[in-house]
Structures are given as structure tokens and as C-alpha cells.
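Asks: Quick one, what's the 3D model for this:
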Amino acid sequence: CCGDQPLALSALMHSSDGLNVLELKPAADRDTETIERLFRAARQSIWRFDKETDIKRYCQYVAEEMRMITGFDRVKVYEFDSRWNGEVIAESRNDVLPSLLGHHFPARDIPPQARALYEKNLVRIMADTESPTVAIVPTLNPLTGRPLDLGHSIFRAISPIHVEYIRNMGVRSTITVSLLHNGRLWGLIACHDARPRRVPSYLRELIEFLGKTISMKLSALGNQARSDSMEKVRQRLQALTEVVRTARTIDPLISGLDADYLSLAGASGSYIALENASYRIGEVPADAELNALLDWLRRQELVDGVLAVDCLSALYPPALE
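Replies: Model prediction:
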């Protein structure tokens, strides 16, 4: 009760450490017309989503539709790279919050323990960065005498460091939706609002359903993109093999490789150093830089005759230039 008036609550329950954990919050009005409108919009969105075949265009459509459904000021789709650095690849917003489209964020912004929670808990909501935290009752798990595992909690408090980070962005409320690919975190949908926003349970459940659907579509698009890429590589390799097989000397062979050769690795340049000759294809560094790189390469351990890195400057600092 709140004074003499009964207080309507929304309840969620999950299991943790041998207990049933009950999470309570003030209930939002369940406006039937609003719920029907949201589900109708979500259904239409899914139908339209399914027609897209390009990942970035698809993510842009996701951002626009998610902002329409949530009403938040800004929705961004955030993709992780292999080192967990992130890039905002799609965004929909009004004029309240600035654009972050194209921004890159370092992996330390979302540390490993936070990423583990995102894989466990697909929707995280922060209603107000200024609201106080609420104590757990009882404080310790009575079965174990230890703090309760809140990994699956919907209303688990956000890290104070992350709350400060969000405040510094001028944001008061957030919804974060995990996007998974083959069970691994691929990216996030981040909804931001400059005002406090209480998200009803039915909307949270709808957003979680959309997140799972979007994840399945992204997995399908990613698998198809890889398949298409491998087929293009196979075709180019076949053509290059024929060129190599019929060539009488190496000089015209290398000069004839050019774009098809570079496209195998999506490269902008290649340098081939043989015992008595060297060849440049595309854009390559100056001679002095190449000679220093070759000296360094000769001292490295190769795997099956190959050294492959996706960030050379991390191993060889001069490459930063």
C-alpha cells in the first residue's frame, strides 16, 4: 500500500542459488489499445525486416523501428569487433540527443563481466540514472549465507561507473538489448532518453522477443555474407590459378594479378619480395619502411610458413605510421 491506497505492482520471478527471487516494481497501466498497437507494429516490423539482405541496412531499419516502438530519443545499433571494440553502425534519433553514428568505443567501455551479463540477460533497463538503489530482502541468501547471484535479475542495479558514464552522455534512462550470433554476443541495441522512463513489463517482453528475432536474422545474414564471400574467393582463386599455370615468367604474371589478387584478402596493397626481385601491387609503404618490416618479419615465428595478424601495430609499433 501507499498511504491508504493499494499499490499495483508488476512481478517477475526467477530461480537463483536454490531460491525463487521475486522482483517487484510499480505496475504501468495495461492499456489494451496500446498493447495491441505495439504488437501490431512489431509484427509488421518483423515482416519488413525479413526482406532486407544487407546487414547495415537491416540494422538501420531495426534502429528506426525500435525507436518507433519504445518512443526513446535515440536508438543505436552497436557492433563488436574481434577485440570487443564497438562501432555504432546504425542510429535513429530526434533532436534531443546528439548523433553517435560512426563513433568507435574501446573494449574497456564494456568490460568482460558486463558482456557476460549481456549474454545471460538479453534486456537490461535503467529507468532513471538519478533513482536510488533498493536493498535486497534479505541481504544475504539464507541458504548459503552469501550474496545472491543476480545474473538473471531484470531489475539488478547497474554498475555505478556505468551510471556515471550514461549521465555524462546526458542520458537519464536506457534500454539495452543483446544481439547474439551463435550464442555469442555480436552487438547491442541501445535505447537512450534524456528523461526518466518507466518501461512496462509487456513492453520489455515485446522488446526481448524482437531482440531474439533480430539476432536470428543477423545470424542468417552473417552466414549468407560469409558464404557469398567464400564463393567469390573460390572463383577468383580459380581464375588466378589458370593465370599462374599458363604464365612462362614471373614478371608479367605479377603485373597481371593486380586487383583480382588484392581482392582475395580485401587488401589495398601487396609487396612481394623474392631473392633477387621485389614487386609492388596497389598502395604500399616506402622502401625504407618496407625493408624494416621485412627485417622484423624474418625474426618472427611462422605457422605453416605464414604470419597472420589483424592489427600489425600491436606487434610491430612502426606499422602505426
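Asks: for the stretch 101-250 of the chain, what spans make up the strands?
Replies: 104-105, 123-126, 173-181, 184-193 (DSSP state E, counting those that start in this stretch).
Asks: Export only the CA atoms of the third one, formatted as PDB.
Replies: Once non-C-alpha atoms are left out, strand 173-181 reads as follows in PDB (Å, rounded to 0.1, in the frame of the first residue of the first chain):
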ATOM      1  CA  SER A 173      17.000   6.200 -19.000                       C
ATOM      2  CA  THR A 174      18.200   3.300 -21.100                       C
ATOM      3  CA  ILE A 175      17.100   0.000 -22.600                       C
ATOM      4  CA  THR A 176      19.900  -2.300 -23.800                       C
ATOM      5  CA  VAL A 177      19.100  -5.300 -25.900                       C
ATOM      6  CA  SER A 178      21.700  -8.000 -26.500                       C
ATOM      7  CA  LEU A 179      22.200  -9.300 -30.100                       C
ATOM      8  CA  LEU A 180      23.700 -12.800 -30.200                       C
ATOM      9  CA  HIS A 181      25.300 -14.700 -33.100                       C
END
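Asks: I'd like to know which elements that strand is packed against.
Replies: helix 112-120, strand 123-126, strand 184-193, helix 201-246 (3 or more C-beta pairs under 8 Å, 6 or more residues apart in numbering; DSSP states H and E). Just so you know, the C-beta spots here come from the backbone N, C-alpha and C atoms, and that holds for glycine as well.
Asks: what mean pLDDT does the first one have?
Replies: Pointing back at helix 112-120 there. The average pLDDT within helix 112-120 is 89.
Asks: contact partners of it?
Replies: With contact meaning C-beta atoms under 8 Å, 6 or more residues apart in numbering, helix 112-120 is reached by 84, 110, 124, 151-152, 159, 162, 176, 178, 180, 183-185, 188.
Asks: Now, of those residues, which are buried?
Replies: 84, 110, 124, 162, 176, 178, 180, 185, 188 (16 or more other C-beta atoms under 10 Å).
Asks: which one of those sits closest to residue 248?
Replies: Checking these against residue 248 with C-beta to C-beta, the nearest one is residue 84 at 49.4 Å.
Asks: contacting residues for the residue nearest to the closest one when sequence neighbours are not counted?
Replies: Nearest residue to residue 84 in three dimensions, chain neighbours excluded: residue 107, at 3.8 Å (C-beta to C-beta, 6 or more residues apart in numbering). The contact partners of residue 107, by C-beta under 8 Å, 6+ apart, come to 83, 84, 85, 86.
Asks: same thing with residue 108?
Replies: With contact set as C-beta under 8 Å, 6+ apart, residue 108 has no partners.
Asks: same check, this time on residue 225
Replies: Residue 225 neighbours (C-beta under 8 Å, 6+ apart): residue 55.
Asks: residue ranges for the helices of the chain, please.
Replies: 32-49, 55-70, 112-120, 160-168, 201-246, 250-263, 287-298, 312-315 (DSSP state H).
Asks: Output the ones you listed in TSV; the columns should cover distance to residue 143.
Replies: TSV is the format used below for the helices of the chain (distance: least, C-beta to C-beta, whole Å):
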stretch	distance to residue 143
helix 32-49	38
helix 55-70	38
helix 112-120	21
helix 160-168	28
helix 201-246	28
helix 250-263	60
helix 287-298	58
helix 312-315	46
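Asks: so which of these gets nearest residue 93?
Replies: helix 55-70 (7.3 Å).
Asks: Would you mind listing the residues in contact with residue 100?
Replies: Counting by C-beta under 8 Å, 6+ apart, residue 100 touches 74, 76, 88, 91.
Asks: Swap in 7 Å and give it another go.
Replies: Shown in contact with residue 100 (C-beta atoms under 7 Å, 6 or more residues apart in numbering): 76, 88, 91.
Asks: The first one: neighbouring residues, count only.
Replies: Going back to what we said before, that points to residue 76. 26 (other C-beta atoms under 10 Å).
Asks: same check, this time on residue 208
Replies: Residues lying near residue 208 (other C-beta under 10 Å) number 16.
Asks: what's the spacing between it and residue 272?
Replies: Relative to residue 272, residue 208 is positioned 52 Å away (C-beta to C-beta, to the nearest Å).
Asks: now do residue 180
Replies: 41 Å.
Asks: Check residue 51 too.
Replies: From residue 51 over to residue 272 (counting by C-beta to C-beta), the distance is 44 Å.
Asks: Of those two, which one has the most company?
Replies: residue 272 (14 against 8).
Asks: That one bridge partners, please.
Replies: residue 279 (DSSP bridges).
Asks: thinking again about what came up before, from the buried ones among the contacts of helix 112-120, which is closest to residue 63?
Replies: For those, the minimum distance to residue 63 (C-beta to C-beta) is 11.5 Å, reached by residue 188.
Asks: Could I get the pLDDT score of that closest one?
Replies: pLDDT, read off for residue 188, is 96.
Asks: shouldn't it be in contact with residue 76?
Replies: No - between residue 188 and residue 76 there is no contact under C-beta atoms under 7 Å: 8.4 Å.
Asks: mind pulling up the phi and psi values for residue 72?
Replies: The phi/psi pair for residue 72 (degrees, to the nearest 10) reads phi -80, psi 160.
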